[in-house]
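1. one predicted model, sequence on top.
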Amino acid sequence: MIVDKINESIIVKKQMADDPAFVKTVEKTIALLVDAFQNGHKVLFCGNGGSAADAQHLAAELSGRFYFDRPPLPAEACHVNSSFLTAVSNDYSFDQVFARYINAMGNRGDILIGLSTSGNSTNVVEAFKTAKERGMICIGFTGSKGGKMKDLSDVHICVPSDDTPRIQESHITIGHIICEMVEKTLFGNVQ
Ligand SMILES: O=C(CO)[C@@H](O)[C@H](O)[C@H](O)[C@H](O)COP(=O)(O)O
Ligand SMILES: [Zn+2]
């Protein structure tokens, strides 16, 4: 059972590595983030549950530091202010929490990265709709079905699995690679 699960995770990652179209999509994401940061824009992340953890984890790699000392990058996860999250959920709706944050913080040229294994979490879908209205770039991290986020994503990182934990494990792998490459491209000569 344990070995089977480890092997399942490896197989999903191997499928991504062996798919040139998938690798190109990750390259495109890196280029978009580099371009956004170089032009003074920010990157916002959103997701629920394990994907909320991934969202704040990845934002912190960018806004804190990753492999080496360099200037911080403007990045944040939409759920990290618990007063905002509880008030907006209570006074409006949980479906609107990320959309309202995007309305407060997102500007034309900023990037929104939404992580959802189903691609159908309503608060992430609503955030994408709002981000598009505001002229932001939407990058969707999903599982193989893509759900509603498929058609709302400017770039769609679609992990070839239908198993929530296996999809999340690949999201964080790809997210780490993106953060590493963005840091290296922007500041590789700083060390
Ligand atoms: O971490 C896990 C499962 O591994 C859970 O917390 C999971 O993220 C939650 O059930 C989410 O609400 C699932 O949402 P989504 O991936 O479909 O957007
Ligand atoms: Zn989990």
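-> Done, it's in. Numbering: from 1, shown residues only. Ligands and ions are numbered 1, 2, ... in the order given.
2. would you map the helices across the chain?
-> Remark: helices assigned in the chain by DSSP state H are 2-17, 20-38, 50-63, 82-91, 97-105, 122-133, 149-152, 164-187.
3. can you redo those as CSV with distance to residue 116, mean neighbour count and mean pLDDT?
-> Quick note: C-beta positions are derived from backbone N, CA and C, even for glycine. Shown next, in CSV, are these (distance: least, CB to CB, whole Å; neighbours: other CB atoms under 10 Å; pLDDT from 0 to 100):
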stretch, distance to residue 116, mean neighbour count, mean pLDDT
helix 2-17, 17, 13, 98
helix 20-38, 16, 16, 98
helix 50-63, 6, 21, 98
helix 82-91, 17, 13, 98
helix 97-105, 11, 21, 98
helix 122-133, 5, 22, 98
helix 149-152, 6, 18, 98
helix 164-187, 9, 19, 98
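4. including distance to ligand 1, could these go into TSV?
-> Listed next are the helices of the chain as TSV, based on distance: least, CB to the nearest ligand atom, whole Å:
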stretch	distance to ligand 1
helix 2-17	12
helix 20-38	19
helix 50-63	2
helix 82-91	14
helix 97-105	11
helix 122-133	6
helix 149-152	9
helix 164-187	4
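5. next, format the ones you listed as a markdown table and append distance to residue 113.
-> Output for the helices of the chain, formatted as a markdown table (distance: least, CB to CB, whole Å):
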| stretch | distance to residue 113 |
| --- | --- |
| helix 2-17 | 17 |
| helix 20-38 | 8 |
| helix 50-63 | 7 |
| helix 82-91 | 18 |
| helix 97-105 | 11 |
| helix 122-133 | 10 |
| helix 149-152 | 11 |
| helix 164-187 | 8 |
